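Participant: The following block contains a protein sequence and its predicted model.
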There are 2 protein chains.
Amino acid sequence: MGRREAGKADRRVRIIQAARDLIRETGNPGLSMRALASRAGVSLATPYNLFGSKRAIVLAVLQDVKAFHQRFAEVETSDPLERLLVAVEMQIALYLDDPVFYHTVWTAMFDLSDSVRTTFYNPRRDSFWQGLIAQAAQADAIAPEIDQDLLLRQLDHHFRSTLMDWVLGEIEPRALTPTVRLGYALILKGACMPQWRPALHLRILESQAELRDHHASRDRRPQAEQGPTP
Amino acid sequence: MGRREAGKADRRVRIIQAARDLIRETGNPGLSMRALASRAGVSLATPYNLFGSKRAIVLAVLQDVKAFHQRFAEVETSDPLERLLVAVEMQIALYLDDPVFYHTVWTAMFDLSDSVRTTFYNPRRDSFWQGLIAQAAQADAIAPEIDQDLLLRQLDHHFRSTLMDWVLGEIEPRALTPTVRLGYALILKGACMPQWRPALHLRILESQAELRDHHASRDRRPQAEQGPTP
DNA sequence: GGCATTCTTATAACATGTTATATTTGTGAG
DNA sequence: CTCACAAATATAACATGTTATAAGAATGCC
């Protein structure tokens, strides 16, 4: 690896930094490829050579952020199901800490126009959550006949949809946490061993109450005059 | 309403028809606004006057399709939870009957770049599902302390995410039904009264087995070399 | 029937993601 | 040092969603 590769890596870094800065400053709208190239001090063609597409760049930015796992390492909760709930709540909290940035990044994540196979699931993320679920299974909290991979997939589905609601503006930020918690608790209650049900049921009721409060404190969602009937 | 409105309505219909035909013939790629306008025999500006954006048009196409509720009316199952599962499976079946078309339509649905407030939830759809859930609750299948609206939202989340996996190509078509069924069964098991759990548990195991078969019969999902770590 | 309004049309233009081309620059190897 | 190669650059071009503008036609009202 001579200086050729080094130069390339440097350009990659500059592009990612420029993208992150532009997103932080202006949100999605400010991040045009021309603005990005100019800010990174490269030509318009270079980001395409190095990343392939705009979406790939935004996702590289997201990948560059890795504060989460460190934060979570400090949590000590013995209850294995509770650990799952806490972990997912912390993730939401991370996003709400920097809403403009994550809103943009997740919007790109949900952008289907592009064929970049990014997959929401990647080894690092998967293994983290698989670990939590495996722990729960070993602690006899999750029924042994439940497939752990599939369970994780179900939890992810719910997580993603809730985030999508947020990106679409169909959910208020403060409803994010209870919504996610409610979904996780419901699914986990369906997958857990009988003796763990009461605790999860409590979490369900808590989340419901929280959501009802929010709902009560604002007007009804405006009726969409036209909508699909899937 | 004079002929002015009639002409407008006619143009609207022609545009929706042209859009549907183009989607059916070529999928998304063939549906450019210029092609659409030409096919509908109107100028490029007209679709924008009448609908506002491309996404709005595609969604109008989706709204135009309403075969589902009629089909479902013929189903007779006494078990109220089973009715929910059957309903959602029928919906999936509807999509798989005409995959190119629905793939395109759902891709548009998931397109966030546009500000059209379509909402996945609309009165007609909501009331259908709310009815099924209310029936289940009246039959003592769903615990009374569970909020029915929130439960429906959770089910929808799962449905949407699974469809998104399909649109993204992260899931095979034949895995769609068991995936959705698994999620519904898990969530419903978390929300149901105790005596209904065994039946749902059975459905969970069934779905898992089906999914494992699919999984076993193909190579591992290709590892994404780079992915985000949300 | 004549006129004003409203909407379509035709057309151009713009923004932006993306690709292609040709030129230049820097690097590594002999 | 020199040369060949690889990759970046500058630049143009393309596709497409969308908007703007001016002109023209249909409609409804008097």
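Facilitator: Thanks, I have the structure now.
Participant: Around DNA strand D, pick out the residues from chain A.
Facilitator: A:4, A:7, A:8, A:11, A:41, A:42, A:43, A:44, A:45, A:46, A:49, A:50 (Cβ under 7 Å from any atom of the strand). The way it works is simple: take the backbone N, C-alpha and C, and place the C-beta from them, glycine included.
Participant: Give me the buried entries from the residues you listed.
Facilitator: Neighbour-count burial (16 or more other Cβ atoms under 10 Å in any protein chain shown) is assigned, among these, to A:11, A:42, A:46, A:50.
Participant: and of the residues of chain A next to DNA strand D, the nearest to residue B:111?
Facilitator: Residue B:111 has its nearest neighbour among those in residue A:44, at 24.9 Å by Cβ to Cβ.
Participant: Counting neighbours, what do you get for residue A:48?
Facilitator: Applying other Cβ atoms under 10 Å in any protein chain shown, we find 15 other residues in the vicinity of residue A:48.
Participant: Stretch A:58-73 vs DNA strand C: in contact?
Facilitator: No: residues of stretch A:58-73 contacting DNA strand C under Cβ under 7 Å from any atom of the strand: none, with a closest distance of 9.9 Å.
Participant: And that stretch, how far out from the chain middle?
Facilitator: 10 Å (Cα atoms, centre = their mean, to the nearest Å).
Participant: that older thread, rebuild the residues of chain A next to DNA strand D as a markdown table, extending it with pLDDT and secondary structure.
Facilitator: Listed next are the residues of chain A next to DNA strand D as a markdown table, based on pLDDT from 0 to 100; DSSP: H, G, I helix; E, B strand; the rest coil:
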| residue | pLDDT | secondary structure |
| --- | --- | --- |
| A:4 | 78 | helix |
| A:7 | 88 | helix |
| A:8 | 91 | helix |
| A:11 | 95 | helix |
| A:41 | 96 | coil |
| A:42 | 96 | coil |
| A:43 | 96 | coil |
| A:44 | 97 | coil |
| A:45 | 96 | helix |
| A:46 | 96 | helix |
| A:49 | 95 | helix |
| A:50 | 95 | helix |
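Participant: Now render these as CSV, adding distance to residue B:59.
Facilitator: CSV is the format used below for the residues of chain A next to DNA strand D (distance: Cβ to Cβ, whole Å):
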residue, distance to residue B:59
A:4, 49
A:7, 47
A:8, 43
A:11, 41
A:41, 41
A:42, 39
A:43, 39
A:44, 34
A:45, 36
A:46, 37
A:49, 37
A:50, 36
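Participant: quick one: which two of those are the most distant?
Facilitator: Farthest-apart pair in those is A:4 and A:44; separation 21.3 Å (Cβ to Cβ).
Participant: May I have the phi/psi pair for the closest residue to residue A:11 other than its chain neighbours?
Facilitator: Counting by Cβ to Cβ, 6 or more residues apart in numbering or on different chains, residue A:11 lies nearest to residue A:42, which is 5.8 Å off, once chain neighbours are set aside. Main-chain dihedrals, residue A:42, degrees, to the nearest 10: phi -130, psi 170.
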